[in-house]
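Visitor: model this:
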Amino acid sequence: MPKINGNEIRPGNVLEHNDQLWVAVKVGHVKPGKGGAFAQVEMKNLRNGSKLNERFRAADKVERVRLEQKDQQFLYETNGMLVFMDMDTYEQIELPADILGDRRPFLQDGMTVVIEYHEDEALNATLPQKVTCKVVETEPVVKGQTAAKSFKPALLDNGVRVMVPPFIGQDEEIIVDTVTMEYSERA
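Guide: Residues are numbered from 1 along each chain as shown. Here you go, the predicted model:
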């Protein structure tokens with residue numbers, strides 16, 4: 001595995017530190033008045049979700065891990081486990097439903113999800129950035145209310161509440177950004 005200097009760490013990098021796999025969540029470069037500069041890195045453990053704040057000096061070497069990414073299709077959920085199928089080998093794997101966190105409601109049947117592997121262990125799942133959802137409940141459209149940039153609450157078919165522009169009505173399909181969990185555009 002390639003080693004990188006402590007000042008080359010970027011958010012999203014996967015690192016091997018203290019015999020564990022960590023993903024860098026936040027990276028801040030600090031130059032104190034006395035002493036050398038360092039990178040203050042907030043990391044999250046990929047296996048158990050614990051967090052760690054660590055300082056890395058420029059001279060410190062850290063193992064950067066490359067995760068293998070595979071597109072897999074979501075099949076169904078059973079007993080709190082999500083079942084995915086590799087579209088090349090038709091092999092099925094189960095991952096805990098909480099691996100997606102608060103983005104879980106956006107997972108739809110047959111959706112293609114990127115699963116990240118380290119050796120043969122599945123560590124992370126990433127949804128597509130944009131998902132189409134249907135608005136099931138929102139305030140009615142009011143004509144002439146477009147003078148200011150305003151938003152109104154809307155309930156989606158998956159139970160998630162998002163803020164939408166005033167021209168979006170009930171039973172309309174919208175596209176939601178799964179990263180920010182906000183309205184993106186009309187479908």
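
Visitor: quick one, domains of this protein?
Guide: 3-65, 68-126, 130-186 (automatic domain parsing).

Visitor: for the second one, what is the average pLDDT?
Guide: Which is domain 68-126. The average pLDDT for domain 68-126 rounds to 89.

Visitor: Distance from the chain centre to that domain, please.
Guide: 13 Å (Cα atoms, centre = their mean, to the nearest Å).

Visitor: now the longest one
Guide: Between the centre of domain 3-65 and the centre of its chain there are 19 Å (Cα atoms, centre = their mean).

Visitor: about what we covered before: could you dump the domains of the chain to a markdown table with mean neighbour count?
Guide: Backbone N, C-alpha and C define where each C-beta goes, glycine included. A markdown table is the format used below for the domains of the chain (neighbours: other Cβ atoms under 10 Å):
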| stretch | mean neighbour count |
| --- | --- |
| domain 3-65 | 14 |
| domain 68-126 | 14 |
| domain 130-186 | 14 |
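
Visitor: Would you mind measuring from Val136 to Ile115?
Guide: According to Cβ to Cβ, to the nearest Å, Val136 stands 30 Å off from Ile115.

Visitor: Next, the distance between the ends of stretch 31-42.
Guide: 17 Å (Cα to Cα, to the nearest Å).

Visitor: do stretch 98-112 as well
Guide: End-to-end distance (Cα to Cα), stretch 98-112: 18 Å.

Visitor: So which residues make contact with it?
Guide: Around stretch 98-112, the neighbours that count as contacts under Cβ atoms under 8 Å, 6 or more residues apart in numbering are 71-76, 80, 82, 87, 97, 113, 124-125, 127-128, 131, 133, 156, 158-160, 176, 178, 181.

Visitor: Give me the nearest residue to Asn5, chain neighbours excluded.
Guide: Closest residue to Asn5 apart from its sequence neighbours, by Cβ to Cβ, 6 or more residues apart in numbering: Ala58 at 5.6 Å.

Visitor: Touching, Gln20 and Arg47? I think so.
Guide: Yes - using Cβ atoms under 8 Å, Gln20 is in contact with Arg47, at 7.0 Å.

Visitor: Just say helix, strand or coil for the residue lying closest to Glu172 once chain neighbours are set aside.
Guide: Nearest non-adjacent residue to Glu172, counting by Cβ to Cβ, 6+ apart: Val135, 5.2 Å away. Following DSSP: H, G, I helix; E, B strand; the rest coil, Val135 is assigned to strand.

Visitor: And Val135, how close does it get to Ile174?
Guide: 6 Å.

Visitor: cool, Asp86 as well?
Guide: Applying Cβ to Cβ to Asp86 and Ile174 gives a distance of 31 Å.

Visitor: now swap in Gly35 and tell me
Guide: Relative to Ile174, and taking Cβ to Cβ, Gly35 is found at 51 Å.

Visitor: ditto for Val41
Guide: Val41 is 37 Å from Ile174, where distance means Cβ to Cβ.
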